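Novice: I need the structure of the sequence given here:
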Amino acid sequence: EERIDSLIHMSETEYGINRMTSLSDLSSEHLDTRATVTYLMSLYLSLLGRSHVGRLLQQSPRSSIVSST
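Specialist: Sure, this is the predicted structure:
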């Protein structure tokens, strides 16, 4: 639990990703899949934008997903 909470906090402070879910939401048997997938996709796109591959995709004229974030 502590690791997940640290990850959520780091994603807020380091990557500017809003807290869309809480630790209790993630450990609940009634997981909000939409909020979880949205949060994970936001984290993925943020990390992709900071990577070498993300920079290459931003330079590509056909890439609208990465360049719009």
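Novice: so H30: helix, strand or coil?
Specialist: Local secondary structure at H30 is given as coil here, using DSSP: H, G, I helix; E, B strand; the rest coil.
Novice: gap between it and E2?
Specialist: For H30, the distance to E2 equals 23 Å [C-beta to C-beta, to the nearest Å]. All C-beta spots, glycine's among them, are computed from the backbone N, C-alpha and C.
Novice: residue closest to the middle of this protein?
Specialist: Relative to the mean C-alpha position of the chain, the nearest C-alpha, by C-alpha atoms, centre = their mean, is the one of L43, at 1.4 Å.
Novice: what helices or strands is the helix or strand that contains that one leaning on?
Specialist: If you go by DSSP states H and E, L43 is part of helix 33-50. Contacts defined by 3 or more C-beta pairs under 8 Å, 6 or more residues apart in numbering; DSSP states H and E place helix 33-50 against helix 2-15, helix 23-27, helix 52-59.
Novice: including distance to V37, mean pLDDT and mean neighbour count, could those go into CSV?
Specialist: Compiled in CSV, the helices and strands packed on helix 33-50 are given as follows (distance: least, C-beta to C-beta, whole Å; pLDDT from 0 to 100; neighbours: other C-beta atoms under 10 Å):
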stretch, distance to V37, mean pLDDT, mean neighbour count
helix 2-15, 15, 85, 12
helix 23-27, 12, 78, 12
helix 52-59, 20, 65, 12
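Novice: and of these, who's closest to Y39?
Specialist: Judged by C-beta to C-beta, the one of the helices and strands packed on helix 33-50 that comes nearest to Y39 is helix 2-15, at 8.2 Å.
Novice: packing partners for that closest one?
Specialist: For helix 2-15, the packing partners by 3+ C-beta pairs under 8 Å, 6+ apart are helix 23-27, helix 33-50.
Novice: rewinding a little: pull the CA atoms of the helix holding L43 into CSV?
Specialist: Taking Å, rounded to 0.1, in the frame of the first residue of the first chain, the C-alpha atoms of helix 33-50 are listed here in CSV:
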residue,chain,number,x,y,z
THR,A,33,-12.1,0.6,-14.0
ARG,A,34,-12.7,3.8,-16.0
ALA,A,35,-10.9,5.9,-13.4
THR,A,36,-8.1,3.4,-13.1
VAL,A,37,-7.6,3.1,-16.9
THR,A,38,-7.8,6.9,-17.3
TYR,A,39,-5.2,7.4,-14.6
LEU,A,40,-2.9,4.7,-16.0
MET,A,41,-3.2,6.1,-19.6
SER,A,42,-2.4,9.6,-18.3
LEU,A,43,0.7,8.3,-16.6
TYR,A,44,1.7,6.3,-19.7
LEU,A,45,1.3,9.4,-22.0
SER,A,46,3.2,11.6,-19.6
LEU,A,47,6.1,9.1,-19.5
LEU,A,48,5.9,8.6,-23.3
GLY,A,49,6.2,12.3,-23.8
ARG,A,50,9.4,12.4,-21.8
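Novice: I am finished for the moment; much appreciated.
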